[in-house]
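1. Okay, sequence plus prediction incoming.
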Amino acid sequence: MLGGMLATILIFSGHFAFFTYLRPFLETVAQASIEGVSLILLGFGVANFIGTSVASYLLSVACA
């Protein structure tokens, strides 16, 4: 139980740390505008939602 909680904390921490460095990277290296950064982050969120939904379905099928 403790291992699962620790893994969850590390995953969420890494996820939000990624956002901290993504915006400056997109603005300086990729030369993305503020609107572009917003669209990229929106796409990232949508991709995460779809990935989680697909993984949930595949796990339910594999465990049935």
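-> Arrived safely.
2. could you point out which element follows the least confident helix or strand in the chain by mean pLDDT?
-> When the helices and strands of the chain are scored by mean pLDDT, DSSP states H and E, helix 2-28 comes last with a mean of 91. Where DSSP states H and E defines the elements, the next helix or strand beyond helix 2-28 is helix 34-62.
3. and that next one, what does it pack onto?
-> Judged by 3 or more Cβ pairs under 8 Å, 6 or more residues apart in numbering; DSSP states H and E, helix 34-62 is in contact with helix 2-28. For the C-beta atoms, the positions are set from N, CA and C on the backbone; glycine is no exception.
4. okay, now residue 14: neighbour count?
-> Residues lying near residue 14 (other Cβ atoms under 10 Å) number 9.
5. scratch that, residue 42
-> Counted with other Cβ under 10 Å, the neighbours of residue 42 add up to 10.
6. now swap in residue 32 and tell me
-> For residue 32, using other Cβ under 10 Å, the count is 16.
7. can you tell me how far it sits from residue 43?
-> 12 Å (Cβ to Cβ, to the nearest Å).
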